[in-house]
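Student: fold the following for me, if possible:
(4 chains)
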Number of protein chains: 4
Amino acid sequence: MVIVLNPEVEEKEVDKMKKKIKELGLEIHESKGKNYRLLGLIGDTSIIDPEIIEANRNVEKVIVVQEPFKKANRVFHPDDSVINIGQKTIGGKKLAIIAGPCSVESKDQILNIAKNVKKSGAGFLRGGAFKPRTSPYSFQGMKEEGLELLKYAKEKTGLPIVTELMSPNHLDKFVEEVDVIQIGARNMQNFDLLKEVGKTGKPILLKRGLSATIEEFLMSAEYILAQGNEKVILCERGIRTFENYTRNTLDLSAVPAIKKLSHLPVIVDPSHAAGLWWMVEPLSKAAIAVGADGLIIEVHNDPANAKSDGKQSITPDRFHTLMEKLKKLAQIEGKEL
Amino acid sequence: MVIVLNPEVEEKEVDKMKKKIKELGLEIHESKGKNYRLLGLIGDTSIIDPEIIEANRNVEKVIVVQEPFKKANRVFHPDDSVINIGQKTIGGKKLAIIAGPCSVESKDQILNIAKNVKKSGAGFLRGGAFKPRTSPYSFQGMKEEGLELLKYAKEKTGLPIVTELMSPNHLDKFVEEVDVIQIGARNMQNFDLLKEVGKTGKPILLKRGLSATIEEFLMSAEYILAQGNEKVILCERGIRTFENYTRNTLDLSAVPAIKKLSHLPVIVDPSHAAGLWWMVEPLSKAAIAVGADGLIIEVHNDPANAKSDGKQSITPDRFHTLMEKLKKLAQIEGKEL
Amino acid sequence: MVIVLNPEVEEKEVDKMKKKIKELGLEIHESKGKNYRLLGLIGDTSIIDPEIIEANRNVEKVIVVQEPFKKANRVFHPDDSVINIGQKTIGGKKLAIIAGPCSVESKDQILNIAKNVKKSGAGFLRGGAFKPRTSPYSFQGMKEEGLELLKYAKEKTGLPIVTELMSPNHLDKFVEEVDVIQIGARNMQNFDLLKEVGKTGKPILLKRGLSATIEEFLMSAEYILAQGNEKVILCERGIRTFENYTRNTLDLSAVPAIKKLSHLPVIVDPSHAAGLWWMVEPLSKAAIAVGADGLIIEVHNDPANAKSDGKQSITPDRFHTLMEKLKKLAQIEGKEL
Amino acid sequence: MVIVLNPEVEEKEVDKMKKKIKELGLEIHESKGKNYRLLGLIGDTSIIDPEIIEANRNVEKVIVVQEPFKKANRVFHPDDSVINIGQKTIGGKKLAIIAGPCSVESKDQILNIAKNVKKSGAGFLRGGAFKPRTSPYSFQGMKEEGLELLKYAKEKTGLPIVTELMSPNHLDKFVEEVDVIQIGARNMQNFDLLKEVGKTGKPILLKRGLSATIEEFLMSAEYILAQGNEKVILCERGIRTFENYTRNTLDLSAVPAIKKLSHLPVIVDPSHAAGLWWMVEPLSKAAIAVGADGLIIEVHNDPANAKSDGKQSITPDRFHTLMEKLKKLAQIEGKEL
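Tutor: Model prediction:
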């Protein structure tokens, strides 16, 4: 950590600051230029909140050299994490493909889709039971009944279930019945919910917030890890920008960035990113080519009549074709599908 | 609602769609141009989720003429809402000034600040007890103890308390002890929490999410209103943009926009928007000039040693000077301070 | 074009508006709902500037059904455009790889790099002679001398030259000496420059502006096409967002979007998008997988001492390895390198 | 300037780097932490391009302590600049109000508006002769004829003329006939044009680019100043964000930011920022309250029939009312109108 001081700071103010820093057990290297003055802090600076230093009126800025995340940091965990989910894994050589409808709508619907995506090679079944919707008047999901139907589809197909948790009130039920608990983009900084899922031993699929930086995304993962739960899977799903041809702007650069900064697996959600079914194929291929550990894709047997997100859902047939193409791509990337 | 069809749509597909729409009790006006075909829906289209229509592959886009919010909509409630909080109000002729520290830190601190801001004319005391922090390793607030200290400061000064709720787990306590429940920017789309506070009769201060559009902001208010709680106060606190000289970009245009669209009161938070104490004064003046119903300002007796947000906090003295300037401004705007 | 009127508009105002529209030779279909009133315009509405209609205080919004670009529109030109550049092409089955240094720095440098990238399979040589720099005090390029060195490298290697034009003052020289004239991101809406290059018959590489929507990008291409020059190649190079881990956010969704909307070829610039040399490989692969017609990549023999953009330049060795990987990828995409 | 090195850098690489830096006449202070290593550069580091240092693979980041702009920097010019334009000024105690139509459309139109805005107290006349339009098919302005009409209106009213220059081809004419040359937002980084106007002695009104940071904005001003022209007036006119209720998001925080960083005057354009006529009044008031040196406002006698930007233009009557309100505001701000 380097503290940039106002060059006109009074000497006694600098002394006060240095005294405080030394009391924390850190050493200081000073530098002075024509127009600036610096204090370089040496030692474990992670105990210092840079904001507190910045509040000092004599400080112009604080430069943090170390990343603020620890357990999520590749520096302290050089190997890729592989998350075990029953017999399956996310991370590592095998690409994880999670597929299914935006919302669970009926027994027939979820079973039909589950069977289809399994046949095409998907490893996990997604499906919303509790749905975060912009409008209180939109369909809010089948809730508990939706969970039951997901369990039923799992029984019949063996596919582990991925579904979103929106409130700590449902946590116990989710821990019991769900294989991967999803935390949605809108709750990425719902810190209380992150702490709660951090106390479970369940795999957590954490989606990037619409306006979260990569660093904030990793800090939210850190909230879960800090509670002792190391099974975190990250998901890039598009960020909000000025461009609105697509619903969000898929930030594929985030994949190599996260791979460099962290050991956690990263998957990509092309469906929510683009919001356009015909973009799912090219974006899925790009996600694999850029190095993602998997994909989460919305598949619906009848998109035109889906209760939510029909516009971005692909049919099981189209999903099947996509999987064929991804197989070839996986191969040249040294991965398996 | 107007449905723009692919001009090459087959006639039988159009017939199917028209049949469905008519079954909902709506009438249809068709238009056909050289390169387009439209269905204009007539009747109460609020029962239709435009996304479901857009999922139809023959539909190019759906144009929604009515705003999606109802209870928050000025069309159905032409007069400004005024929220009563004990003897005080937010909305209407009297400007609401909420002031206090980012975090409650000690009995002395909160009491000292409360007394000072009251003397300068503040109407409400803010102070964080449960703090949403990007890092799990940062100070998370004094929690229940912080609430106790806020209550104590209220007893001594009579200032109603405004503080943030982060989890439904603390709702009962907040309903009992807090005057205005704040929902923070990061939880603006924590829909379960919105529903919970919507079931109480407490005034809710809802902050705009970092990347929320004005429409989404009003839809989140609608979640609270739809549960029967009409006491919603909106707060513009800066949006995330590419500019990072300031922490966020204060969107003052949102104030007249919300005033036009909705009857709910709107206040402005210059402290979090800029993240810079020396910008609080000019931005506060601009907020009043643009038509805001009030301000929420971070004031700290010792910013350089604040446990959070010291960089953006002003001292009681500076707050006092600011209030003097705002009084003059309020007067020429036909408002009172 | 559909005009959404204020539902409380006076009848005489509607009549005035309808009269004006009919004078333009258009027909009108009216629709009236409980809360809205629409005028659907039928005929060639491209003669109407929607902004002028929107200025009418009785108009709430104008919905444009047709895209505003014509010559760039795939509707009127269903086949992919292939641009001929000497013996080479951009667009079509063969991927175009443009490689070279950010700036031309010396005869040795440009020749060395040109030979290397040619050996690895690049089809075109890039190199900046006139450089747009944020600071007036930064190196501004070798200018005319740089052009001479590019010509020399072309003579020796046969690689066509791609370089940026910043001012109409140099247009004649560029027309004579350069194979592909690049218009940089910062000049994407320098409309006078677009008109000037539109009057030449030269291939134009048009880079997307930092905050340009896809529609605006195509409208800038339209400026060139409207002058009679149909040889426009588009280049996605990252947009400006709140994320600053990367210099810009590469918007790969723009590639399938443009492919759907337009017949013009689209290439991707991973170097400027990320600003990080180690991201060039994954982003290049993703760009090909998403359907781009080619890449423009910064290659430098000594990045640590480059006069500009060294941070994002890869070495000839790394470029060679990348090309090997791209070959495999091209093959499964049905393309050639 | 502080160079943050990869902590595992080899010693000989550090030595090489230090040698180079010393050759530039700078001194070095080294700091070493557990996980980092720093080189603090002492002396006039403005001669070093930080990008070149960052290109070194052993460098993690370069921290620039000094702002990159010099002539625009308040540090080297503590007093506010006041720009003289004939008998008038921009900057200082007197607020500059520039008003007029988006485009000059006819002799009657421009003269009528000029007389009206003068009567209400405007100090300058704006009017577009050469218009930057997104579409090549939109009205591009009356060009030379428009300039003639502006001159005519100036003769009749005495109001100095502010109008936009789009190409160096018209520079001579502008130098002769125009009082303030405007560089539009889309040309803010048209560096060749900036250099050209920097060589004249004319006052330049430089508008902020849609996605320009405050630092980039000041660097563009620096391009003009570096050529010897010190008469630069900055104009905040809204930035591009995800919010599209308004055309752009007016960044009023930029005003106090620029005032802190630079001595140049800053005015605000509420018309282009919002794109909505009914927002002009509240945003104008906010701009004055936040500390702007003036306003540039679109006024049109018949907005519903304006050839461009009618939607955001106010009528002369409304302008008159606005000026009355601004007078009161100016007074309490210690300014004159």
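
Student: my read: A:Thr315 touches A:Ala306, true?
Tutor: No. Applying CB atoms under 8 Å, one finds A:Thr315 not in contact with A:Ala306, separated by 10.8 Å. C-beta: built from backbone N, CA, C; applies to glycine.

Student: with neighbour numbers in mind, choose between these two.
Tutor: The neighbour comparison of A:Thr315 against A:Ala306 (other CB atoms under 10 Å in any protein chain shown) goes to A:Ala306, with 23 against 16.

Student: skipping adjacent residues, who's closest to that one in space?
Tutor: Leaving out its chain neighbours, the residue that sits closest to A:Ala306 by CB to CB, 6 or more residues apart in numbering or on different chains is A:His300, at 4.7 Å.

Student: same check on A:Gly91?
Tutor: A:Pro265 (3.4 Å).

Student: list the contacts of whichever residue of the stretch 1-150 of chain A sits closest to chain B.
Tutor: Residue of the stretch 1-150 of chain A nearest chain B, by CB to the nearest CB: A:Ala55 (2.4 Å). For A:Ala55, the contact set (CB atoms under 8 Å, 6 or more residues apart in numbering or on different chains) comprises B:Pro303, B:Ala304, B:Asn305, B:Ala306, B:Asp309, B:Gly310, B:Lys311, B:Ser313.

Student: one more pass at 7 Å, please.
Tutor: When contacts are counted by CB atoms under 7 Å, 6 or more residues apart in numbering or on different chains, A:Ala55 is found next to B:Pro303, B:Ala304, B:Ala306, B:Gly310, B:Lys311.

Student: and which of those residues is nearest to chain D?
Tutor: B:Lys311 (14.7 Å).

Student: confirm that closest one sits in a helix?
Tutor: Yes. Checked against DSSP: H, G, I helix; E, B strand; the rest coil, B:Lys311 lies within a helix.

Student: how is chain A partitioned into domains?
Tutor: A:2-63, A:83-332 (automatic domain parsing).

Student: nearest to C:Gly334 among those would be which one?
Tutor: Closest approach to C:Gly334 among these (CB to CB): domain A:83-332, 10.8 Å.

Student: coming back round to it: from A:Ile314, how far out is the residue of the stretch 1-150 of chain A closest to chain B?
Tutor: Separation of A:Ala55 from A:Ile314 (CB to CB, to the nearest Å) stands at 51 Å.

Student: A:Lys20 now?
Tutor: Distance from A:Lys20 to A:Ile314, by CB to CB: 58 Å.

Student: more neighbours: which of these two?
Tutor: A:Ile314 (24 against 14).

Student: quick one: contacts for that one?
Tutor: Here A:Ile314 is in contact with A:Trp277, A:Val280, A:Ile297, A:Val299 (CB under 7 Å, 6+ apart).

Student: in strands, which of the residues you listed appear?
Tutor: A:Ile297 (DSSP state E).

Student: which positions within the lengthiest helix in chain A qualify as buried?
Tutor: The single longest helix within chain A, with elements called by DSSP state H, is helix A:316-332. Buried residues in helix A:316-332, counted by 16 or more other CB atoms under 10 Å in any protein chain shown: A:Pro316, A:Arg318, A:Phe319, A:His320, A:Leu322, A:Met323, A:Lys325, A:Leu326, A:Lys328, A:Leu329, A:Ala330, A:Ile332.

Student: export the residues you listed to TSV and append columns for pLDDT and distance to chain C.
Tutor: Converted to TSV, the buried residues of helix A:316-332 look like this (pLDDT from 0 to 100; distance: CB to the nearest CB, whole Å):
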residue	pLDDT	distance to chain C
A:Pro316	97	21
A:Arg318	97	15
A:Phe319	98	17
A:His320	98	17
A:Leu322	98	12
A:Met323	98	14
A:Lys325	97	8
A:Leu326	98	10
A:Lys328	96	5
A:Leu329	97	7
A:Ala330	97	11
A:Ile332	94	5
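
Student: for chain A, list the residues in contact with chain C, please.
Tutor: A:211, A:213-214, A:239, A:241-243, A:245-246, A:249-253, A:256-257, A:274, A:279, A:282-283, A:285-286, A:289-291, A:328-329, A:332 (CB under 7 Å from any CB of the partner chain).

Student: could you measure from the residue of the stretch 201-337 of chain A found nearest chain B over to B:Ala122?
Tutor: Among all residues of the stretch 201-337 of chain A, A:Gly310 sits closest to chain B, at 2.4 Å; criterion: CB to the nearest CB. Using CB to CB, A:Gly310 is found at 50 Å from B:Ala122.

Student: likewise A:Lys259?
Tutor: Counting by CB to CB - A:Lys259 and B:Ala122 are separated by 49 Å.

Student: what of A:Ile21?
Tutor: 35 Å.

Student: between these two, point out the one with more neighbours.
Tutor: B:Ala122 (26 against 21).

Student: contacts only, for the closest residue to chain D within the stretch 51-200 of chain A.
Tutor: Ranking the residues of the stretch 51-200 of chain A by distance to chain D (CB to the nearest CB) places A:Val65 first, at 4.3 Å. Applying CB under 7 Å, 6+ apart to A:Val65 gives the contacts A:Met1, A:Val2, D:Val4, D:Tyr36.
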